[in-house]
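Trainee: pasting the structure only:
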């Protein structure tokens, strides 16, 4: 397995239309994995920028009328160039604007990967997800009792959309409609910082750009990398250090991770 090495050799350029809460961390995680980020969200700029990139990550975390136009312009251009397209439907279900925009993006643009928490993905799949702001609601939590049923409806949603569906939470899922990676990396402390989901969507875009011929595996390993980075970062925290340092340690962990560490530390099964 040389997935990380492949990203560092190919150094894909990733166009991110992301939110202003986490934009700096998103750029840094893309750099940490060996790819290059470029942030651009003006409608007069996004066509040119996305044309020179390998992939586009659209994140609706701080959605507004200006950036919605840019998302459609960039998405259509990237699609016409057969670039990798990833959608992060942050907060879908929390407001009508977010839900309508995410659904319309899915109708107008084909995304290679749609990544969100379980409530966001349930909302897009028409299953009445109970989004709690930008976080998943506890009533949507996946556990061992409903795990198999979750795998099945996620596969079904993947087949209907033609997209790889990635869901992250206590247990992560990545499916192309045929196979589903069930991933158990990560640490509870990751919930104490903002932006790990946003970072993962951009990281995932870079991995799929570099491993387009095996998109499912590339997407699944990106999810493993992020979770494993959370585990490694925690081991490097000193007693007095808190969530601010932890966020930086996660980026450091991605930057220093090798394929051997990923192979040893990735915890997943395929169903």
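Mentor: Happy to help now that I have it. Since we're looking at a predicted model, the values are computed, not measured. Numbering: from 1, shown residues only.
Trainee: Show me where this structure has its helices.
Mentor: 3-10, 23-33, 46-51, 65-80, 96-108, 118-124, 147-161, 196-210, 215-235, 243-256, 259-265 (DSSP state H).
Trainee: Need the winner for burial among the ones you listed.
Mentor: Of the helices of the chain, the one with the most neighbours on average (mean count of other CB atoms under 10 Å) is helix 196-210, at a mean of 28. C-betas here are computed from N, CA, C, even on glycine.
Trainee: any idea how far that helix is from the chain center?
Mentor: Using CA atoms, centre = their mean, to the nearest Å, the distance from the centre of helix 196-210 to the centre of the chain it belongs to is 5 Å.
Trainee: Then stretch 2-15?
Mentor: Here stretch 2-15 is found 16 Å from its chain centre; the criterion is CA atoms, centre = their mean.
Trainee: okay, how far is it across it, tip to tip?
Mentor: Distance across stretch 2-15, first residue to last, is 24 Å (CA to CA, to the nearest Å).
Trainee: Let me know the average pLDDT across that stretch.
Mentor: In this model, stretch 2-15 carries a mean pLDDT of 96.
Trainee: which residues touch it?
Mentor: Stretch 2-15 is touched from outside by 30, 33-38, 40, 46, 49-50, 52-57, 74, 78, 202, 205-207, 209-211, 217-218, 221, 225, 257-259, 262, with contacts defined as CB atoms under 8 Å, 6 or more residues apart in numbering.
Trainee: tell me what the helix or strand of the chain with the lowest mean pLDDT is packed against?
Mentor: Sorting the helices and strands of the chain by mean pLDDT, DSSP states H and E puts helix 118-124 at the bottom, at a mean of 94. Packing partners of helix 118-124 (3 or more CB pairs under 8 Å, 6 or more residues apart in numbering; DSSP states H and E): helix 96-108, strand 113-116, helix 147-161, strand 164-167.
Trainee: Helix 147-161 and the first one, what's the angle between them?
Mentor: Relative orientation of helix 96-108 with respect to helix 147-161: 60 degrees, computed using axes from the mean of the first three to the mean of the last three CA atoms, to 10 degrees.
Trainee: now the angle from helix 96-108 to helix 65-80?
Mentor: Comparing the axes of helix 96-108 and helix 65-80 via the same axes, to 10 degrees yields an angle of 20 degrees.
Trainee: Show me how far the least confident helix or strand of the chain is from its chain's centre.
Mentor: 14 Å.
Trainee: ok, residue 23 touching residue 40?
Mentor: No - in this structure, residue 23 is not within contact of residue 40 by CB atoms under 8 Å, at 11.1 Å.
Trainee: for the helices and strands packed on helix 118-124, which one sits closest to residue 184?
Mentor: helix 147-161 (10.8 Å; CB to CB).
Trainee: Show me what that closest one packs onto, helices and strands only.
Mentor: Contacting helix 147-161 under the criterion 3+ CB pairs under 8 Å, 6+ apart are the following elements: helix 118-124, strand 164-167, strand 172-175, strand 180-183.
Trainee: Tabulate those (a markdown table), appending distance to residue 266.
Mentor: Formatted as a markdown table, the helices and strands packed on helix 147-161 follow (distance: least, CB to CB, whole Å):
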| stretch | distance to residue 266 |
| --- | --- |
| helix 118-124 | 21 |
| strand 164-167 | 15 |
| strand 172-175 | 11 |
| strand 180-183 | 8 |
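Trainee: right, and those - which one's nearest residue 147?
Mentor: strand 180-183 (7.2 Å).
Trainee: Can you list the neighbours in contact with that closest one?
Mentor: The contact list for strand 180-183, computed with CB under 8 Å, 6+ apart, reads 147, 151, 154-155, 171-175, 216, 220, 223-224, 227, 266-271.
Trainee: That strand pairs with which strands, parallel or anti?
Mentor: strand 172-175 (antiparallel), strand 268-270 (antiparallel) (DSSP bridges).
Trainee: mind listing what residue 198 touches?
Mentor: Per CB under 8 Å, 6+ apart, neighbours of residue 198: 18, 19, 21, 22, 25, 26, 59, 61, 88, 90.
Trainee: can you do 6 Å?
Mentor: 22, 26, 59 (CB atoms under 6 Å, 6 or more residues apart in numbering).
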